[in-house]
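Visitor: please work out how this folds:
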Amino acid sequence: MQPLQWKTMFQQWFEPFQQALKRKAQQKWATVYLQGLCSNAHRKSMQPIAEEVAPGKHDRVQHFITDSPWETAPLEVVLARKADALLGGPDACLIIDDTCLSKFGKHSVGVTRQYSGQEGKITNCQSLVSLTLACNDVPVPVALRLFLPKEWTDDPDRCNRAGIPEDQQRYRPKWQMALAELDQVRKNVTFGVVLADAGYGMNAEFRQGLSQRCLVWSVGILRTQKVYSTDVRLSPYEVKRNGRPPKRLPIPSEQRETVEAVLDRVEWETITWRVGTKGPLTAKFAVAHVRTADGAMLRNGQHLPGEEVWIIGEERKPGERKYYASNLPASTPKGQLVEITKRRWSCELMHRDAKEELGLDHFEGRSWRGLHHHALLCMIALNFLQWLRRQGSECADAATVPAVRLLLSRVFSGCGGCAACPLGPLFSQGP
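Guide: Numbering: from 1, shown residues only. Prediction:
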């Protein structure tokens, strides 16, 4: 078979997305914009993209992104199916996280002073809830949705000026948004486990929402999370012969403890969970099987026992510990618990590449529609680049795509399982 040029492969790969767009003009400018995202433009905002791939057509590009009323939902379905075909299956994980886009001023949709993980501090930014599908350390994005702080949802005029649809103008915490996006994504994506950091995992309703959906999960929690032992028993109040039946809840046979206190009594063991670019990744871990204290609340504010879970403690250096909870089966080996829990790092690769190589954080518009159009096209571009990488020698000129070369050079250097790919030698020397 003769090697195919990447642009020809792109047209074939992108055809289902074009079919989801109703008008020929939308199909044309979606293709142009995606080629601009993959180009060597110094910045991936609308004007530099137009200068690179559509000189003199900046107004057309801007209209397509900020004004054209094309719906994102049909393309999101195609995106999810493409991601599933690429990485989906029981060995894949779905990672829930959020990523921040630094912004100046106060008029861009959703912008406010809030914590940014990228900056490591409270700063002026937009925050997007993200869902990433990953398998064997290769991540692809499947959802990005803007979080609206209360100061926005409490100001309908401000929301209307930014073009936020009326059905999106109510406040929803990030964990609720994540569950809503998860419900949409899982219609078309298969995976074995859901992962999230403590920003989501510390919320009992989020964990319970995952369990109610019959999903396997492993999430970060706070050291102050209260738990019971698996031997806890509930003692009902004495039922009297006469009078009304008791309304009080049963009493646990033991007091709650924090996960920190429980794991302090457990032996900590050094475990290697994978091999990174600088050698084996190891840390000390301790695990215990417990019941979370997130059931019904007693009158004294104490919660009854919830479901049985694993709690996992990690200590990379003395005095610095992180804690996790997982509903993996009680028979799961300790090493497997740790390895699955630590897969969450893949989403950081996705966020980094979406920003640095595809300009996710370069969007300069202010509207809800424009931001979500740009974010969706960035996700589509990143899925195409990961798909192109998987094609190996079928695409001989893949290294001529600037974003491909930059992305794949880092993928090969960061993934211990990528050396067998036929494209490996092309990208091993970097951009």
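
Visitor: which residue ranges of the stretch 201-350 of the chain form strands?
Guide: Applying DSSP state E, counting those that start in this stretch to the stretch 201-350 of the chain gives strands spanning 217-221, 226-229, 234-235, 251-252, 257-258, 269-276, 279-292, 308-317, 320-326.

Visitor: and these, which one is worst for confidence?
Guide: Across the strands of the stretch 201-350 of the chain, strand 234-235 has the smallest mean pLDDT, namely a mean of 84.

Visitor: and that one, which strands flank it?
Guide: Under the criterion DSSP bridges, strand 234-235 sits next to strand 251-252 (antiparallel) in its sheet.

Visitor: am I right that residue 38 is in contact with residue 383?
Guide: No - taking contacts as C-beta atoms under 8 Å, residue 38 lies outside contact range of residue 383: 11.8 Å. For every residue, glycine as well, the C-beta is placed using N, CA and C.

Visitor: map the structural domains onto the sequence of this structure.
Guide: 6-198+349-427, 217-327 (automatic domain parsing).

Visitor: what's the span of the shortest one from first residue to last?
Guide: Using C-alpha to C-alpha, to the nearest Å, the end-to-end distance of domain 217-327 comes to 6 Å.

Visitor: where's residue 389 relative to residue 139, distance?
Guide: 12 Å (C-beta to C-beta, to the nearest Å).

Visitor: follow-up on the earlier one: for the domains of the chain, give me TSV that also has mean neighbour count and distance to residue 206.
Guide: Converted to TSV, the domains of the chain look like this (neighbours: other C-beta atoms under 10 Å; distance: least, C-beta to C-beta, whole Å):
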stretch	mean neighbour count	distance to residue 206
domain 6-198+349-427	19	4
domain 217-327	15	8
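
Visitor: can you add distance to residue 204 and give those domains back as CSV?
Guide: Below are the domains of the chain laid out as CSV (distance: least, C-beta to C-beta, whole Å):
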stretch, distance to residue 204
domain 6-198+349-427, 10
domain 217-327, 4
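
Visitor: nearest to residue 341, of the ones you listed?
Guide: Closest to residue 341 of the domains of the chain is domain 217-327 (C-beta to C-beta; 4.5 Å).

Visitor: and residue 387, what does it touch?
Guide: Neighbouring residues of residue 387 by C-beta atoms under 8 Å, 6 or more residues apart in numbering: 13, 82, 86.

Visitor: state which helix of this structure is the longest.
Guide: Counting residues, the longest helix found in the chain (DSSP state H) is helix 368-390.

Visitor: mind pulling up the pLDDT for the nearest residue to residue 111 once chain neighbours are set aside?
Guide: Computed as C-beta to C-beta, 6 or more residues apart in numbering, the closest residue to residue 111 that is not its neighbour in sequence is residue 103, at 4.5 Å. You'll see residue 103 listed with a pLDDT of 90.

Visitor: dihedrals phi and psi, residue 103?
Guide: phi -140, psi 140 (degrees, to the nearest 10).

Visitor: surely it and residue 128 touch.
Guide: No - with contact defined as C-beta under 8 Å, residue 103 does not reach residue 128; the gap is 11.9 Å.

Visitor: point out where the stretch 251-400 of the chain drops to low pLDDT.
Guide: 392-400 (pLDDT under 70).

Visitor: how does it look with 80?
Guide: In the predicted model of the stretch 251-400 of the chain, residues 299-301, 390-400 satisfy pLDDT under 80.

Visitor: in a markdown table: the contacts of residue 387, plus secondary structure, distance to residue 178 and pLDDT.
Guide: A markdown table is the format used below for the contacts of residue 387 (DSSP: H, G, I helix; E, B strand; the rest coil; distance: C-beta to C-beta, whole Å; pLDDT from 0 to 100):
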| residue | secondary structure | distance to residue 178 | pLDDT |
| --- | --- | --- | --- |
| 13 | helix | 28 | 93 |
| 82 | helix | 21 | 97 |
| 86 | helix | 22 | 96 |
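
Visitor: distance to residue 330 added to these, as JSON lines?
Guide: JSON lines is the format used below for the contacts of residue 387 (distance: C-beta to C-beta, whole Å):
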{"residue": "13", "distance to residue 330": "43"}
{"residue": "82", "distance to residue 330": "36"}
{"residue": "86", "distance to residue 330": "33"}
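
Visitor: let me see the contact set for residue 72.
Guide: Going by C-beta under 8 Å, 6+ apart, the list of residues near residue 72 reads 372-373, 376.

Visitor: right, I mislabeled it, should have said residue 274
Guide: With C-beta under 8 Å, 6+ apart, residue 274 has these contacts: 137, 280-281, 339, 342, 416.

Visitor: again with residue 108
Guide: Neighbours of residue 108 in contact, by C-beta under 8 Å, 6+ apart: 126, 162, 365-366, 371.

Visitor: quick check: phi and psi at residue 32.
Guide: Dihedral angles (degrees, to the nearest 10) for residue 32: phi -60, psi -40.

Visitor: quick one: contacts for it?
Guide: Per C-beta under 8 Å, 6+ apart, neighbours of residue 32: 53-54, 57, 61.

Visitor: just the ones in helices from those residues, please.
Guide: 53, 61.

Visitor: of the contacts of residue 32, which one scores lowest on pLDDT?
Guide: Comparing the contacts of residue 32 by pLDDT, residue 53 comes last, at 90.

Visitor: is it true that it touches residue 36?
Guide: Yes - in this structure, residue 53 is within contact of residue 36 by C-beta under 8 Å, at 4.5 Å.

Visitor: list residues touching both of these two?
Guide: With C-beta under 8 Å, 6+ apart, residue 53 and residue 36 have no common neighbours.

Visitor: for stretch 113-132, the distance to its chain's centre please.
Guide: Relative to its chain's centre, stretch 113-132 lies at 13 Å (C-alpha atoms, centre = their mean, to the nearest Å).

Visitor: hmm, back to that, now the contacts of residue 32 as JSON lines including distance to residue 152?
Guide: Compiled in JSON lines, those are given as follows (distance: C-beta to C-beta, whole Å):
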{"residue": "53", "distance to residue 152": "34"}
{"residue": "54", "distance to residue 152": "33"}
{"residue": "57", "distance to residue 152": "33"}
{"residue": "61", "distance to residue 152": "27"}
